[in-house]
Every structure is written in C-alpha cells, then in structure tokens.
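> Structural data only, the sequence is not supplied:
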C-alpha cells in the first residue's frame, strides 16, 4: 500500500521519462565511443601504413653496407649454386630419399662431418646401457668421406671459391605484396651451416695430408661463407654467420694445439687476411629495427587486426589465440617501445664489455614487444665471444709463426715483428693488449705460453687457470678468473 501511494501516476511517468533519457544518453555515448574508436583505428592504420614499406628500406640498408653494389661482385648467386649442387649430390647418393644408405640392420646413415673433425660421443659411447653401434658409426664416417669427394666432383667447392672471391653478398629481400617482413624466408641459413661443417672437415683432412693449399682453400671458403651471411641485415643472419666463424676459429685453435707445419700456419694467416668479417653489431640491429617496425605497422595497418586487442581473430591466426604475452596497446606506444629496445641493444653492441652502459629497457607488458623483439643478452654474449675468440686466434697464429721463424716463443706480444702481427690484439674486457705469459718449460698440456683475457671482472690475474672456479661458455671459460684463450684440446686428450 505504501508503494502504491509512493508510485503515483505522475511519478511513474517521470521515472519512465528519465529512464528513457538515460538510456538514450548511454546509447548515444556508446555510439560516440564506438565511432570515436573506429576513427582512431583508421587514423592509426593510416599512420601505420605510412611507416610500412620495410622491404625497400631493408634493401637500401644492405646496399649501403656492401663494399660494392655491382652485380658482378655479388657472391649470393654463387652461394645459391653451391647449395643447389650440394642438394643434387645428396639426392644422387640417396641421402634425401628412400634409397639412402643403411646399416645391415636397416638404420639410415647420415654423413657425420663432425666425426671427421673430432670425437663424436653420441657415435662412440654407450647410451642407456646399450653398447655403441660401431657399424653405424663407421658407416656415418665413411659416408661423410664419400660425400666430401662427391661435393668436389659436383662443383660445390668451385662455387664456394667463386663466392668467397666476391666482396659483396646481397640476398634478395622478397616478400609478397602486403605481407610483413616477419614472413621473410631465410632458406639458405641451414644449408650454410652444413657447408661450414663441410669446410671444417676438409680442413681436418688437409691437415692430415699436410696439404697447405687445400687447407687454405677450405678455411678461406668457410670464412667467406661466414662473411657472406654476416653481410645480411638481420640479427639471425649475424648470429648464424658468427657461429660459422666461431666453428672455423675453433678448428684453427685446436689445429695450433697440435703444432702444425709452418706452411699450414701460414695458410691460416693468409686465409684470415683474405676474408675480413664484420662483427655482429649495429648494422644487424638497424636491419632488425626495420623488420620490427614493419611488422608492427602491418599489425596496425588494418583496424580489424587491432580492434579487439590480443583477442583479435586476425592476430590469433599469426600469434595463436588467445595470447597471454601482454596487451596490444597502440601503434605509437609499440613503436616507441621497440625504438627504445633497439636503441638499448645498439648501445650495448657498440660498447666493449668493460665500458658497456647498463640496460635501460625493462620487462614489458606489450604483446608485440615480448613476441617479436630479439634477446638482448644472448646477442651481446655472442658478440663478445667472437670478438675475443678472433683476437685470440690471430695472436696464436702470430705466436706460432714467430716460433717457426726464431725457434722460440716471443717474450712478449710486442716482440712479434709487424709482418707477423701488425699490433697486439686488444682485449675487449680491458682495451689493453691481450695478456701473454711465456712459460719457462712446457706445462702438463705441452703449452709453452698462456694467452688470456682479463675476463668479466676486468682484473688481470696473470693468466691463472683456476679449474675449480671455472664455468664454461662454449670454448671460453667464464668466471672470476682470467679467460684462457689457448686452452688445451681436452677432447683430443680424452
């Protein structure tokens, strides 16, 4: 009865009137908000499209960073022919089809070029309580030797030599119109790594036959391969090119550990001098920056890709749905975050370890940055390792050549004549020459000297090799003590 008295007809009419007005306001506000959001999405899409066109900018960057833009100086076609001939040889032997060689028990064989170079524990050691399959191991090694001969007769090495003799390497930047650079295919990287393993195996066989000409050709072609890949503009290119160079430098280091003939050591120096290799660095960051901006421009160039944020169906087709990598945000916000990320990475790579600025980027909640940005710390570690590894190998070659010429190791690196070593290689952890200590007598590993870097702590410990304190990173020790560069070949010792 009280409610009936309160809700008089007039009050009910007033309530209905305000309810309708409120609903109208809400509907109008929603329409205005949706319309405003759509206008924003379209304006954002226009700005994103204007920032696209990364393929042209990437091509321009590559051309600007080549020694020559002339087509006759481009090594890439020769590299493609080497890969094609390698694939043809594989098919002829049956490696890529059902006719591939097998053991007596039907196990398919693979050419193990690494087993020609050094120990291959997975071939020769027991696993899971089962003895090693020696027939399989011998078959893989024999097939590797067979393939090396086949590659030579197929012209693979001829094409590699032709490519290594050309100063530039320009891979076509080919993507479908309207597609982002994230779809750029890099099919040559895998075969290039296989070619590097082949070059390392050829080096070992040339060493065994004491053939300095074949050794130099194999090393130079491998280093040329590393250079060609490093001349491409992406961080992945730089990482692969660096891994190829690192493989070959490690082969040199282990070869020097066996006191090779003077002609072999001279071949090392000659091959390195003929193939200068750019270090993973700002050039690759610039290329990666172009790719990243092109990718995010593609995401925001169509309102349908950004309308529902990470839940947008168009994004789900590319990144998976629903993604939990963070929020999408706006094109401007993403571009600013990517620019800052690459500015930080470029500053890290430009600086030597001892003067490297602290990172300014932190963990992000942006989906695209988390999914598409390269790993900064890993990139910097790879760069630091190859710079030090290269300096160490150059010094070790010069030290060995000095010993061959004079009959003794130098008392100091500065004592090596300029025709053998223009100047002592610099330690990136101190910007001083690498540490060197001649031993009065060979140590337990047969070394007559210790070559080292002061390492991450920047303290010169005199080349102390503290076994208990070591932590390894590849072939270089990492820890509170010095980094020993002429570390003995422990694999060979085992």
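Sure, I can see it. Quantities reported herein were computed from a predicted structural model and do not represent experimental measurements.

> Does the most centrally placed residue in the chain fall in a helix, a strand, or a coil region?
The central residue of the chain, meaning the one whose C-alpha is nearest the mean C-alpha position (CA atoms, centre = their mean), is residue 239 at 1.1 Å. Look at residue 239: counting by DSSP: H, G, I helix; E, B strand; the rest coil, its state is helix.

> Pretty sure residue 382 is one of the things it touches, is it not?
Yes. Using CB atoms under 8 Å, residue 239 is in contact with residue 382, at 5.9 Å. For glycine as for every other residue, the C-beta is placed from the backbone atoms N, C-alpha and C.

> what is in contact with those two at once?
residue 280 (CB atoms under 8 Å, 6 or more residues apart in numbering).

> now the residue nearest to the centre of the chain: how far from residue 12?
Between residue 239 and residue 12 the computed distance is 75 Å (CB to CB, to the nearest Å).

> Just give me the neighbour total for the residue nearest to residue 355 when sequence neighbours are not counted.
Excluding the flanking residues, the one nearest residue 355 by CB to CB, 6 or more residues apart in numbering is residue 431, at 7.8 Å. Around residue 431 sit 11 other residues, with neighbours defined as other CB atoms under 10 Å.

> swap in residue 355?
The number of residues packed around residue 355, counting by other CB under 10 Å, is 10.

> Quick check: phi and psi at it.
Backbone geometry at residue 355, expressed as degrees, to the nearest 10, gives phi -120, psi 20.

> What's the first helix or strand after the top helix by length along the chain?
Residue-count comparison of every helix in the chain, with assignments taken from DSSP state H, identifies helix 9-51 as the longest. Per DSSP states H and E, the first helix or strand lying C-terminal to helix 9-51 is helix 54-64.

> elements contacting that next one?
Judged by 3 or more CB pairs under 8 Å, 6 or more residues apart in numbering; DSSP states H and E, the packing partners of helix 54-64 are helix 282-300.

> what is the orientation angle of the helix it packs on with helix 9-51?
Counting by axes from the mean of the first three to the mean of the last three CA atoms, to 10 degrees, helix 282-300 points 140 degrees away from the direction of helix 9-51.

> still on that earlier bit, quick check: mean pLDDT of the longest helix of the chain?
Averaging pLDDT along helix 9-51 gives 84.

> go on, stretch 101-109?
Averaging pLDDT along stretch 101-109 gives 87.

> Okay, buried residues for it please.
Counting neighbours by 16 or more other CB atoms under 10 Å, one finds that the buried residues in stretch 101-109 are 101, 109.

> Could you tell me the end-to-end distance of it?
In terms of CA to CA, to the nearest Å, the two terminal residues of stretch 101-109 are separated by 6 Å.

> Repeat that for stretch 44-63.
Start to finish, the residues bounding stretch 44-63 are 31 Å apart (CA to CA).

> Other residues contacting it?
By CB under 8 Å, 6+ apart, stretch 44-63 touches 69, 170-171, 173, 175, 180-181, 231-233, 283, 286-287, 290-291, 293-303, 306, 330-332, 335.

> what about 6 Å?
69, 170, 173, 175, 181, 233, 286-287, 290, 294, 297, 300-301, 303, 331 (CB atoms under 6 Å, 6 or more residues apart in numbering).

> ok, now stretch 269-285?
Under the criterion CB under 6 Å, 6+ apart, residues 65, 216, 219-220, 223-224, 226-227, 230, 235, 238, 242, 245, 342, 345-346, 349-350, 383, 397 lie in contact with stretch 269-285.

> likewise stretch 396-415?
Counting by CB under 6 Å, 6+ apart, the neighbours of stretch 396-415 from elsewhere in the structure are 256, 262, 265, 268-269, 416, 420-421, 424, 433, 436, 438, 448-449, 486.

> switch to 7 Å and redo it
Stretch 396-415 is contacted by residues 253, 256, 262, 265-266, 268-269, 395, 416, 420-421, 424, 433-434, 436, 438, 448-449, 451, 486 when judged by CB atoms under 7 Å, 6 or more residues apart in numbering.

> Buried subset of these, written for PyMOL?
This is the PyMOL syntax for the buried subset of the contacts of stretch 396-415, where burial follows 16+ other CB under 10 Å:
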select buried, resi 253+256+265+266+268+269+395+416+420+421+424+433+434+436+448+449+451+486
